[in-house]
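1. predicted model and sequence follow; I will ask about them next.
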Amino acid sequence: MVLPDHATPLSLKTHTSDTIPFAIYGSGITKKDFLNYSEKEAQKSELYFDNGYQLMEYFISSRRTGNA
């Protein structure tokens, strides 16, 4: 799993509370059709977590079952 800890848009040059992208890679993980790894693309995802711990729970559960 790869992700930043917060959004930092180049245009603002500071941290924001915007949606952050994350990527999960491994066997059993289905590829999604995103153009690149960015905050803008992350906003298009159906997979969203309000809190970071929810993402970690999803990641651990997905790795154990092979689903994502």
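-> Yep, it's here.
2. three-state assignment of Tyr58?
-> With DSSP: H, G, I helix; E, B strand; the rest coil as the basis, the three-state label of Tyr58 is helix.
3. that one - nearest residue in space that isn't next to it in sequence?
-> With sequence-adjacent residues excluded and distances taken as CB to CB, 6 or more residues apart in numbering, Tyr58 is closest to Phe49, at 6.9 Å. Where C-beta positions appear, they are placed from N, C-alpha and C, glycine not excepted.
4. sticking with that neighbour, tell me its helix or strand.
-> Assigned by DSSP states H and E, Phe49 falls within no helix or strand.
5. how many neighbours does it have?
-> Residues lying near Phe49 (other CB atoms under 10 Å) number 15.
6. that one and Val2, how far apart?
-> 15 Å (CB to CB, to the nearest Å).
7. in this structure, where is pLDDT below threshold?
-> 62-68 (pLDDT under 70).
8. all helices for it, in order.
-> 39-42, 52-65 (DSSP state H).
9. to Thr30, which of these lies closest?
-> Nearest to Thr30 among the helices of the chain is helix 52-65; the distance by CB to CB comes to 10.5 Å.
10. can I get that closest one in PDB? Just the C-alpha atoms.
-> Extracted in PDB, the C-alpha atoms of helix 52-65 (Å, rounded to 0.1, in the frame of the first residue of the first chain):
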ATOM      1  CA  GLY A  52      -7.200   6.600   8.100                       C
ATOM      2  CA  TYR A  53      -7.800   3.600  10.400                       C
ATOM      3  CA  GLN A  54     -10.700   2.500   8.200                       C
ATOM      4  CA  LEU A  55      -8.300   2.300   5.200                       C
ATOM      5  CA  MET A  56      -5.900   0.200   7.300                       C
ATOM      6  CA  GLU A  57      -8.700  -2.100   8.400                       C
ATOM      7  CA  TYR A  58      -9.700  -2.500   4.700                       C
ATOM      8  CA  PHE A  59      -6.100  -3.200   3.700                       C
ATOM      9  CA  ILE A  60      -5.600  -5.800   6.300                       C
ATOM     10  CA  SER A  61      -8.900  -7.500   5.600                       C
ATOM     11  CA  SER A  62      -8.300  -7.300   1.800                       C
ATOM     12  CA  ARG A  63      -4.800  -8.900   2.100                       C
ATOM     13  CA  ARG A  64      -6.100 -11.700   4.300                       C
ATOM     14  CA  THR A  65      -9.000 -12.500   1.900                       C
END
